[in-house]
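Student: Sequence plus predicted model, see below.
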Amino acid sequence: MFALLRPLTRAVTYTRGLHLCLPLAAVAIWLFIDSSRPYVPALLIVPVGLLPAARLAEGIQAQLFLTPGERGRPDASITAASATTWADRWRTVWWMELRLMFSGVLLAVIVGAVWLSTDLIRAAVGAPPSQDALIDLPPHRWWALLVPVPVAVALAVLVGLGELVTVAARHLLGPSVAERLRELEQRTEQLLEHNRIARELHDSIGHALTAIVLQAGAARATADAEFTARALDAVEGVGRAAMDDLDRVLRVLRTPGPPTDERPTLAAAMHLIDSARSAGAPMEVVVEGSIDALPGPVTREGYRILQESLTNVLRHCGPVPIQVSVRADTERLRLQVRNPLPGPSAVPGAGSGLRGIHERAELLGGRAQFGPDGNTWLVRVEVPLR
């Protein structure tokens, strides 16, 4: 019993009824002008519904009155946007015709319920039936028991039509298949971009913090004022570079549209080498081939791969000797970073940094290998250039 009455306690039931009653105002105005042709409003709906803005107006009304809980949500079942295709325009026309028809049905039910209740009340109090009574009832007080029945029927029709018109609105005013695919593609691109930004922050800020911690620790442990000054200069340089990276990533988050290509490339790899050297790690670097001629995605992701590889060495092994090899030819880019392992506990685990290296290499169609190689730790990445 309470389940049947629950829809009557929801505000959306009555906002849906109000939504159905709104078209009757335009119909009433027309009938006041010319009551001999009541079908004209249904004909006028066609040219009005074909206007692109009509879909926007109907979508806003439907969201406000039929599905107020979805208002403003990106996954709303009813869209509020102008029509962009003829299919959307005709769907809007069908929606407006159905809405007008549902409005007529609701009006007829309400008028009939009020009329019949009036006849039952007149019969219950012994008054003679009116000339336009729906049914001719003999006077009897027991008719009073049936007065709530037409009201209950009208309320049931109100709830049913409200649900029916909401289903129709979701079907006719909701996103089309093309719009759903476009929305899914946009959300996928946004998710991929957020994942890329997360990797960017992890690599750049993680590398900077690791280098700063090692340099600060070395400066504190030594009594050499000149070394301390160099370490502080390195800390300042690494910190400024990290701030620049952070500003760039935040600018990408704030700016709508596709991401920019302002990320550092392998041509700036010496900055990473100098940062590792300033942290106390002896560096042996071999660069072969034309690094400046590498394709944009390859050189940008290669920079991050090298950065994360050096960060892993400094974080897990400390300032140990590091061998870096960067070789580029016409077919592929090869990156290799090797360092000695101080002990078993220094072996890096399968953290987000190594996972990021693997993802970046796969994204470019290449492969990444990392792990112990004898008493050393080896990171080897190969990326095709075509």
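Tutor: That came in fine, so what should we check first?

Student: From here on, just use CA atoms for contacts and neighbour counts.
Tutor: OK.

Student: For Asn375, grab the count of nearby residues.
Tutor: 12 (other CA atoms under 10 Å).

Student: what do you get for the one 5 residues further on?
Tutor: For Arg380, the number of neighbouring residues by other CA under 10 Å comes to 16.

Student: now do Arg91
Tutor: 21.

Student: Could you report the pLDDT at the nearest residue to Leu24 once chain neighbours are set aside?
Tutor: Residue nearest to Leu24 in three dimensions, not counting chain neighbours: Ser103, with 6.8 Å by CA to CA, 6 or more residues apart in numbering. Note for Ser103: predicted pLDDT of 92.

Student: Ser103 contacts Ala25, doesn't it?
Tutor: No - Ser103 lies out of contact with Ala25 (CA atoms under 8 Å); the separation is 10.5 Å.

Student: the more surrounded of these two?
Tutor: Ser103 (22 against 10).

Student: in terms of contact, does Ile205 touch Arg240 like I think?
Tutor: No - counting by CA under 8 Å, Ile205 sits too far from Arg240 to count as a contact (10.9 Å).

Student: what's the helix or strand harbouring Val111 packed up against?
Tutor: Element membership for Val111, per DSSP states H and E: helix 86-124. Counting contacts by 3 or more CA pairs under 8 Å, 6 or more residues apart in numbering; DSSP states H and E, helix 86-124 is packed against helix 11-33, helix 40-49, helix 52-65, helix 148-172.

Student: Now do the contacts for the residue nearest to Leu24.
Tutor: By CA atoms under 8 Å, 6 or more residues apart in numbering, the residues touching Ser103 are Leu20, Cys21, Pro23, Leu24.

Student: chain center to the helix holding Val111: distance?
Tutor: Remark: helix 86-124 is offset 39 Å from the chain centroid, using CA atoms, centre = their mean, to the nearest Å.

Student: and what of stretch 355-363?
Tutor: Remark: stretch 355-363 is offset 24 Å from the chain centroid, using CA atoms, centre = their mean.

Student: Check the average confidence over that stretch, would you?
Tutor: 83.

Student: out of Ile205 and Arg240, which sits in the busier spot?
Tutor: A direct count of neighbours by other CA under 10 Å for Ile205 and Arg240 places Ile205 higher, at 19 against 13.

Student: Helix or strand: which one has that one?
Tutor: Per DSSP H and E, Ile205 falls inside helix 177-221.

Student: cool, Gln336 as well?
Tutor: If you go by DSSP H and E, Gln336 is part of strand 332-340.

Student: who does that strand touch, helix- and strand-wise?
Tutor: Other helices and strands packing on strand 332-340, by 3+ CA pairs under 8 Å, 6+ apart, are helix 296-317, strand 322-328, strand 376-384.

Student: Contacts for it next, please.
Tutor: Residues from elsewhere that reach strand 332-340 (CA under 8 Å, 6+ apart): 302, 306, 309-310, 313, 320-328, 375-386.

Student: just the buried members of the residues you listed?
Tutor: 302, 306, 309-310, 313, 320-328, 377-385 (16 or more other CA atoms under 10 Å).

Student: so where is the stretch 201-350 of the chain shaky, pLDDT-wise?
Tutor: Residues of the stretch 201-350 of the chain meeting the criterion pLDDT under 70: 203, 207, 223, 249, 251-262, 343-350.

Student: one more time with 80
Tutor: 201-263, 275, 278-280, 315-316, 342-350 (pLDDT under 80).

Student: What's the local residue count around Leu44?
Tutor: Residues lying near Leu44 (other CA under 10 Å) number 10.

Student: where does it sit relative to Phe32, distance-wise?
Tutor: 16 Å (CA to CA, to the nearest Å).

Student: now Pro295
Tutor: Here the distance between Pro295 and Phe32 works out to 72 Å (CA to CA).

Student: on that earlier part again, which of the residues in the helix holding Val111 are buried?
Tutor: Across helix 86-124, burial judged by 16+ other CA under 10 Å covers 88-100, 102-107, 109-110, 112-113, 115-124.
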